[in-house]
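[1] Fold the following.
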Amino acid sequence: MSAFDCIIVGGGIVGAALADVLCAEGLSVALVEARSIGAGTTACGMGHLVAMDDNAPELALTAWSVALWRELRDDLPMAVEYDACGTLWLATDEEELAAIAAKVASYRGAGVRAEVLDAAALREAEPALTPDLVGALRVPDDAVVYPPRAALHFARRAQQRGARLMPGCPVAELRPDGVVLENGEVLAAGHVVLAAGVASPRLCPDLPISPRKGHLLITQRGAPVVRHQLVELGYLKSAHGSDGASVAFNAQPRVTGQLLLGSSRQPGVGSAQVEPAILERMLKRAADFLPGLDALRALRVWTGLRPATPDGLPLLGRHPGKPWLWLACGHEGLGITTATGSAQLVADQLLGRASAIDARPYAPSRFEVLHA
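    I've put the predicted structure just below:
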């Protein structure tokens, strides 16, 4: 029986980042993944590193995480495709433009650089956008990465620091003293961390996590030239709404010359099948912002299942009813952005030290269902 200081169940970008942090602290770690590293929800995401201000805890975690990514950028291999393109939040009317002032104050209060672009400045910054837009909020320090390669980078660096990587090893059971693999092998550990995303409730059924399905499309090369990550201001309402399917414009330039387009949200839908009706709505919305899309051809279309919690915040910390179990899951669409901050926050708690931000808003104990 192999023994470790910590077993991390789930080799997505959050679990891989946590393995990297814990190994850097000198702990012996096993990173156990049912498939290959970064092959689940991580591989289905857009790869945005974006400060989001839907609420104060979300802004605190995303802003800190983006800053941590920025500190890592010089050590990231080219395959991670870190692109410091920044984000433009696009205003379609005067009401949305007026709301930007509050967002600027929110960002700056969290130490995030932000500036307002009027219609003329927006046209100069992104000529391919429809001229009907009235302005935008620019957040210059946001970035984009290629998620599966970022997860693989963290995992390989953890391995260089002594971690045991165990891809292709589904876990059958979590125990107070370790885990049991589906092949019958038992791994012992002083700490167990569940970071399996949307699959986490299979191993811990009381978790308040449900799937949110999303569609994405990547174009062939030759897409309209886009310099920033582009997001409509209505995205926050779409991304965090709880009722029915929704779409919102979200486009990313890729270093390959392609354009990655989103996004859609279908709460509670667990099927991975591409739905033409949802895709058509998403593309029609995208064409409203980027008229040049009509002549493009799609290279690939896919879906992902994002692990959502009732309040939109991840579960980061000790399970209140199972004190031997730590949680690092429930990130919905922000797992790529917050992988760095989530890993640091869980590691700090596990090691009994304070973090740069308050950990309480993300504590699993906020959900009564977990206290049984």
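
[2] Got the domain ranges for this structure?
    As given by automatic domain parsing, the domain ranges for the chain are 2-45+147-208+312-371, 86-140+210-308.

[3] How far away from the center of its chain is the longest one?
    Looking back up the chat, that one is domain 2-45+147-208+312-371. Taking the mean of its C-alpha atoms, domain 2-45+147-208+312-371 sits 14 Å from the chain's own mean (CA atoms, centre = their mean, to the nearest Å).

[4] first to last residue in it, what's the distance?
    Distances were taken as CA to CA, to the nearest Å; on that basis the terminal residues of domain 2-45+147-208+312-371 are 31 Å apart.

[5] The chain should start at 462 in everything you say after this.
    Fine by me, first position is 462 from now on; the one you just mentioned is domain 463-506+608-669+773-832.

[6] picking up where we left off before, please name whichever of the domains of the chain is nearest to residue 536.
    domain 463-506+608-669+773-832 (8.5 Å; CB to CB). Every C-beta, even on glycine, is put in place using the N, C-alpha and C of the backbone.

[7] can you redo the domains of the chain as a markdown table with mean neighbour count and distance to residue 541?
    Shown next, in a markdown table, are those (neighbours: other CB atoms under 10 Å; distance: least, CB to CB, whole Å):
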| stretch | mean neighbour count | distance to residue 541 |
| --- | --- | --- |
| domain 463-506+608-669+773-832 | 21 | 5 |
| domain 547-601+671-769 | 18 | 10 |
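
[8] got those as CSV, with mean pLDDT columns?
    As requested, the domains of the chain are exported to CSV (pLDDT from 0 to 100):
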stretch, mean pLDDT
domain 463-506+608-669+773-832, 97
domain 547-601+671-769, 91
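
[9] Tell me which of these lies nearest to residue 512.
    Residue 512 sits nearest to domain 547-601+671-769 of all the domains of the chain, at 4.9 Å, using CB to CB.

[10] returning to that earlier point: with distance to residue 529 as added columns, please give the domains of the chain in CSV.
    Output for those, formatted as CSV (distance: least, CB to CB, whole Å):
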stretch, distance to residue 529
domain 463-506+608-669+773-832, 4
domain 547-601+671-769, 13
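
[11] got the contact list for residue 644?
    Applying CB atoms under 8 Å, 6 or more residues apart in numbering, we find residue 644 in contact with residue 630.

[12] tell me the SS of residue 497?
    Secondary structure of residue 497, reduced to three states by DSSP: H, G, I helix; E, B strand; the rest coil: coil.

[13] my guess is it contacts residue 629, does it?
    Yes: with the criterion set as CB atoms under 8 Å, residue 497 and residue 629 qualify as a contacting pair; they are 7.1 Å apart.

[14] coming back round to it: and of the domains of the chain, who's closest to residue 532?
    Using CB to CB as the measure, domain 463-506+608-669+773-832 is the one of the domains of the chain that comes nearest residue 532, at 8.5 Å.

[15] Return stretch 746-758 as CSV; C-alpha atoms alone will do.
    Extracted in CSV, the C-alpha atoms of stretch 746-758 (Å, rounded to 0.1, in the frame of the first residue of the first chain):
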residue,chain,number,x,y,z
ARG,A,746,-25.6,36.4,-31.1
ALA,A,747,-21.9,36.4,-32.0
ALA,A,748,-22.7,37.7,-35.5
ASP,A,749,-24.5,40.7,-34.0
PHE,A,750,-21.1,41.7,-32.6
LEU,A,751,-18.8,40.4,-35.3
PRO,A,752,-20.5,40.7,-38.7
GLY,A,753,-17.6,39.1,-40.5
LEU,A,754,-18.4,35.7,-38.9
ASP,A,755,-21.0,34.9,-41.5
ALA,A,756,-18.4,33.8,-44.1
LEU,A,757,-16.4,31.7,-41.6
ARG,A,758,-16.3,27.9,-41.3
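
[16] What are the contacting residues of it?
    Under the criterion CB under 8 Å, 6+ apart, residues 551, 589-591, 594, 680-681, 683-685, 687, 691, 693, 708-710, 712, 720, 722, 744 lie in contact with stretch 746-758.

[17] just stretch 570-577 next, same as before
    512, 514, 520-521, 524, 527-528, 561-562, 564-565, 568-569, 596-602.

[18] Mind checking which of those residues are in strands?
    The strands, defined by DSSP state E, take in 596-600 from the contacts of stretch 570-577.

[19] and of the residues you listed, the nearest to residue 825?
    Relative to residue 825, and with distances defined as CB to CB, the nearest of the ones in strands among the contacts of stretch 570-577 is residue 600, at 29.8 Å.

[20] In contact with the nearest residue to that closest one once chain neighbours are set aside, which residues are there?
    The shortest distance from residue 600 to any non-neighbouring residue, by CB to CB, 6 or more residues apart in numbering, is to residue 548 (4.6 Å). Taking CB under 8 Å, 6+ apart as the contact definition, residue 548 lies against 509, 511, 599-600, 603, 689-692.

[21] can you rerun that using 7 Å?
    For residue 548, the contacting residues are 511, 600, 603, 689-690, 692, taking CB atoms under 7 Å, 6 or more residues apart in numbering as the criterion.

[22] can you check residue 785 too?
    Contacts were defined as CB under 7 Å, 6+ apart; by that measure residue 785 touches 637, 653.

[23] Apply 8 Å and report the result again.
    Here residue 785 is in contact with 637-638, 652-653 (CB under 8 Å, 6+ apart).

[24] would you list those in TSV and tack on distance to residue 644 and secondary structure?
    Formatted as TSV, the entries for these read as follows, by distance: CB to CB, whole Å; DSSP: H, G, I helix; E, B strand; the rest coil:
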residue	distance to residue 644	secondary structure
637	21	coil
638	18	coil
652	22	strand
653	18	strand
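
[25] what's the burial count for the closest residue to residue 545 other than its chain neighbours?
    Nearest residue to residue 545, sequence neighbours excluded (CB to CB, 6+ apart): residue 604, at 4.8 Å. By other CB atoms under 10 Å, 22 other residues sit near residue 604.
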